[in-house]
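Participant: Mind looking at a prediction? Sequence and model below.
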Amino acid sequence: MNSSSQPSNSSNIDAISEIKSRLDIVEVVSEHLVLKKSGRNHWGLCPFHKEKTPSFSVSQDKGIFKCFGCGEGGDSISFLMKVNNHSFFEVITELAQKFGIPLHSGGYSTEKQELKQQIYLLNESAVDFFHNNFYESKDAKNARDYLLKRGITEQIINEFELGFAPKQSDALTNYLIDNFQTNYDVLEKAGLSLKRTSGPGYTDRFKNRIIIPIRDEKGNYIAFGARLLGDNGPKYLNSPDTPVFNKSRNLFALYQAKDSIKESDSAIFMEGYFDVITAHASGLKNVVATLGTAMSESHLRLISKFTYSKKIFLAFDMDAAGINATDRGAEVIKSAFSGLGEVKQFDGSIADTFADNNKPVCEIRVVNIPTGKDPDEFIRTEGLDAYNNLINNAPLLIDYQINRIIDSKGEIKSPQQKSKMVKTLIPVLCEVKNTIVRNEYIKILSERLEVDEESFNIEVKKNLQRSQIKDRTPVQIGKSIKRHLLAQKNLLSLYFIKSDNLSCLAINNFLKEVNFTDSDYLFIKKEIENIIQELGNNADISQELLIKIVSNEDLKKKVVDIMFSLDDKINMNEKQLRQYVDENILCINQYVALEEQKKLKSDYRSADDDDLSSLQLQYKVRELVQARLEKINGKKNEE
């Protein structure tokens, strides 16, 4: 393989080093999967292969990740390359633009990144166009009156930069073409303009609508929602997916809500734009909404970055569609946190007695408006205090599910009705993994339904046993590494343990004569030696090495594998470390000697008919044996 350690443009090494220093690998990975801290590392379900138990480990201190299931590993840049299917240069360019770090030309700039930057700028200009139009256009009077009637203040209008798209079919398109260096093709890719269905030219996507700008968590303008004024067309219209916008990966008002989500350690999911805007206008700020699509795991990953306890309120409408959205959302949340721990399933003293390491990984509550109104209407008519009261008394998901199942069946009296009800409730109870909590629910429900508690418990246990048999999967056995390669990896790992008992210079001295047979391990060893020579014994070898091999994913994977194998060596004393070094060197030497013997035997057989060649090989074998004896005697004398 090509073991070049330098990026293609060496003048950018300092820029890449600066980019890496700005990246927190836990933050980077958390944008794509849910992590839970356990010990020194964070763990999650690997995004690169299917699994039920987390084997994906992230080391914040070292800035690396490794999956112990599929073997993928690397640093923040490696992760972004793999998860987004991007090249090294695409990732570096995007990060440089994000952090405002200049890169010299030489392959880093891509058309994709340039298009994204154009779209961001065009969207920002469109926001200004719509917002100014809202205040200045006579045609916008209906829009202003509509928002005033909803109780949307000028402060909230300005905070969300609400606007108005005029009735004229090409007002925005002409404005952007006339005032900015752009073209129709880019406007179409940005989702702002459309080709006319009849005749040549382009038309605006949004006409005669209240415009609601959508921003990503960083504040970039990425898309628009639009509410129709009139009857000609769908009530709400959203931007299509573009190079900067995907509705399944973004949330409305997250940019405005993220600080409040952090402060309250909770997030409220609502259904519509004006549910959220009304909540914010009333002072309830930790509220977001999906963008015309069902809740996804990407939405949960976004929220997880801002709430430590992962406390989520589902506050959808209480009509049939809203109830379905609640059920789907709950399943998505449970799936996103699957394998990382349990969803909170009991309020009160029982839950409070659990040890810290058994605390729930997330908490799901359902805000149920008894009058059937949506959150927007309820807050406007009943007030924020009344809505806060609903939030403060919102039941846990399991209690909401149980109550809805029981309330939906009406009066339950006959044995057949009770049996059917128990059968319906069992799948919900089987999701409660804690036996004490599950038994408490069985006790409560037995009294409520007037059924025998023991019989109820037996039925639940039967269902649990069936589920356990169904879920059993064969254990997968990973590939084992050959002993001599493992020995080389073990020796290289010593450079990373930062032990007072073994300096980098001492390791260099021990390994000076060691014959590294793996070309990658040999290359890594030489790079480490160069780092020590350049920066001295106290150099941060892990970070310097990852910079040197930043664009070589194969080498990075091997380095990360080495760095994740330190736990059993960190607490070794000087004598144990020396013994460890000797044992691994011996393993490598034995392998090298064995390979030499195999080669000599093969050569000897080939030379049977050539007396001179046979004699030369005999002398070579004799020299080899003599050298090994001298090495053994020298080792005994040292001891």
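Facilitator: Right, received. Where do you want to start? Numbering: from 1, shown residues only.

Participant: Export only the CA atoms of stretch 382-394, formatted as CSV.
Facilitator: What follows is stretch 382-394, C-alpha atoms only, in CSV (Å, rounded to 0.1, in the frame of the first residue of the first chain):
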residue,chain,number,x,y,z
GLU,A,382,-55.8,29.5,28.0
GLY,A,383,-52.4,31.2,28.5
LEU,A,384,-48.9,30.0,29.2
ASP,A,385,-49.5,29.1,32.8
ALA,A,386,-52.2,26.6,31.9
TYR,A,387,-49.9,25.0,29.3
ASN,A,388,-46.9,24.9,31.7
ASN,A,389,-49.2,23.1,34.1
LEU,A,390,-49.8,20.5,31.4
ILE,A,391,-46.1,20.1,30.9
ASN,A,392,-45.3,19.8,34.6
ASN,A,393,-47.9,17.1,35.0
ALA,A,394,-47.2,15.3,31.7
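
Participant: Point out where the chain drops to low pLDDT.
Facilitator: The model of the chain has pLDDT under 70 over residues 1-12, 104-110, 339, 348-358, 468-481, 499, 501-502, 600-601, 603-639.

Participant: Where is the longest helix in it?
Facilitator: helix 574-606 (DSSP state H).

Participant: What is the distance between that helix and the centre of its chain?
Facilitator: Relative to the chain's own centre, helix 574-606 is displaced by 44 Å; criterion: C-alpha atoms, centre = their mean, to the nearest Å.

Participant: Repeat that for stretch 242-254.
Facilitator: Put simply, stretch 242-254 sits 16 Å off its chain's centre (C-alpha atoms, centre = their mean).

Participant: got a list of contacts for it?
Facilitator: Residues outside stretch 242-254 that contact it (C-beta atoms under 8 Å, 6 or more residues apart in numbering): 112, 115-116, 119-120, 123, 160, 189-191, 212, 214-217, 220, 222-223, 225, 238-239, 241, 273, 276-277, 280, 287-293, 296, 298-299, 302-303. Yep, even glycine has a C-beta here, placed from its N, CA and C like the rest.

Participant: Filter these down to just the ones in helices.
Facilitator: Mapping those onto helices (DSSP H) picks out 112, 115-116, 119-120, 123, 189, 273, 276-277, 280, 298-299, 302-303.

Participant: From those, keep the buried residues only.
Facilitator: For those, a burial check counting by 16 or more other C-beta atoms under 10 Å picks out 115-116, 119-120, 123, 189, 273, 276-277, 280, 298-299, 302-303.

Participant: Mind putting these into JSON lines with distance to Lys461?
Facilitator: Output for these, formatted as JSON lines (distance: C-beta to C-beta, whole Å):
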{"residue": "Leu115", "distance to Lys461": "58"}
{"residue": "Lys116", "distance to Lys461": "55"}
{"residue": "Ile119", "distance to Lys461": "57"}
{"residue": "Tyr120", "distance to Lys461": "57"}
{"residue": "Asn123", "distance to Lys461": "56"}
{"residue": "Lys189", "distance to Lys461": "58"}
{"residue": "Tyr273", "distance to Lys461": "47"}
{"residue": "Val276", "distance to Lys461": "44"}
{"residue": "Ile277", "distance to Lys461": "49"}
{"residue": "His280", "distance to Lys461": "48"}
{"residue": "Ser298", "distance to Lys461": "37"}
{"residue": "His299", "distance to Lys461": "36"}
{"residue": "Leu302", "distance to Lys461": "39"}
{"residue": "Ile303", "distance to Lys461": "35"}
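
Participant: shouldn't Ser137 be in contact with Phe164?
Facilitator: Yes: look at Ser137 against Phe164 with C-beta atoms under 8 Å: they come within range, at 6.3 Å.

Participant: Of those two, which one has the most company?
Facilitator: Phe164 (29 against 18; other C-beta atoms under 10 Å).

Participant: Where do the domain boundaries of this protein fall?
Facilitator: Annotated domains of the chain cover 10-107, 112-238, 254-408, 412-473, 483-606 [automatic domain parsing].

Participant: Now the ones you listed in a markdown table, please, with extra columns for distance to Phe245.
Facilitator: Putting those into a markdown table (distance: least, C-beta to C-beta, whole Å) gives the following:
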| stretch | distance to Phe245 |
| --- | --- |
| domain 10-107 | 15 |
| domain 112-238 | 4 |
| domain 254-408 | 9 |
| domain 412-473 | 35 |
| domain 483-606 | 29 |
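
Participant: Contacts only, for the residue lying closest to Gln155 once chain neighbours are set aside.
Facilitator: Excluding its sequence neighbours, the residue lying closest to Gln155 (C-beta to C-beta, 6 or more residues apart in numbering) is Ala281, at 8.0 Å. For Ala281, the contact set (C-beta under 8 Å, 6+ apart) comprises Gly151, Ile152, Thr153, Gln155, Ile156.

Participant: For the stretch 151-300 of the chain, which segments count as strands?
Facilitator: Ranges of strands in the stretch 151-300 of the chain, per DSSP state E, counting those that start in this stretch, are 163-165, 193-195, 202-204, 209-215, 221-228, 236-238, 266-270, 287-289.

Participant: Mean neighbour count, the ones you listed: which tops it?
Facilitator: Mean neighbours per residue, mean count of other C-beta atoms under 10 Å, is largest over the strands of the stretch 151-300 of the chain for strand 163-165, with a mean of 28.

Participant: Can you list the strands that that strand pairs with?
Facilitator: In the sheet, strand 163-165 lines up against strand 209-215 (antiparallel) (DSSP bridges).

Participant: Name the helix or strand for Glu363, please.
Facilitator: strand 363-366 (DSSP states H and E).

Participant: packing partners for that strand?
Facilitator: In this structure, strand 363-366 packs against strand 311-314, helix 320-336, helix 397-408, with contacts taken as 3 or more C-beta pairs under 8 Å, 6 or more residues apart in numbering; DSSP states H and E.

Participant: 6 Å instead?
Facilitator: strand 311-314, helix 320-336 (3 or more C-beta pairs under 6 Å, 6 or more residues apart in numbering; DSSP states H and E).

Participant: Nearest approach to Glu363 belongs to which of the strands of the stretch 151-300 of the chain?
Facilitator: Glu363 lies closest, by C-beta to C-beta, to one member of the strands of the stretch 151-300 of the chain: strand 266-270, at 8.2 Å.

Participant: Report the angle between the closest one and helix 297-304.
Facilitator: Between strand 266-270 and helix 297-304, the angle comes out at 140 degrees (axes from the mean of the first three to the mean of the last three C-alpha atoms, to 10 degrees).

Participant: in the longest helix of the chain, what counts as buried?
Facilitator: Result for helix 574-606 [16+ other C-beta under 10 Å]: buried residues Leu577, Tyr580, Val581, Asn584, Ile585, Cys587, Ile588, Asn589, Tyr591, Ala593.

Participant: possible to save those residues as a markdown table with distance to Leu429?
Facilitator: Shown next, in a markdown table, are those (distance: C-beta to C-beta, whole Å):
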| residue | distance to Leu429 |
| --- | --- |
| Leu577 | 54 |
| Tyr580 | 52 |
| Val581 | 56 |
| Asn584 | 53 |
| Ile585 | 59 |
| Cys587 | 54 |
| Ile588 | 57 |
| Asn589 | 62 |
| Tyr591 | 57 |
| Ala593 | 64 |
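
Participant: What about Asp139, how many residues nearby?
Facilitator: The number of residues packed near Asp139 is 15, by other C-beta under 10 Å.

Participant: List the single closest residue to the residue nearest to the spatial centre of the chain in space, sequence neighbours excluded.
Facilitator: With distances taken as C-alpha atoms, centre = their mean, the chain has His32 as the residue nearest its mean C-alpha position (2.2 Å). Setting aside the residues directly before and after it, His32 is nearest to Val83 in space (C-beta to C-beta, 6+ apart), at 5.1 Å.

Participant: so where does that neighbour fall, helix or strand?
Facilitator: Taking DSSP H and E as the definition, Val83 sits inside helix 76-84.

Participant: what's next to that helix, contact-wise?
Facilitator: Leu23, Ile25, Val28, Val29, His32, Pro47, Phe65, Val91, Glu553, Lys556 (C-beta atoms under 6 Å, 6 or more residues apart in numbering).

Participant: Sounds good, over and out.
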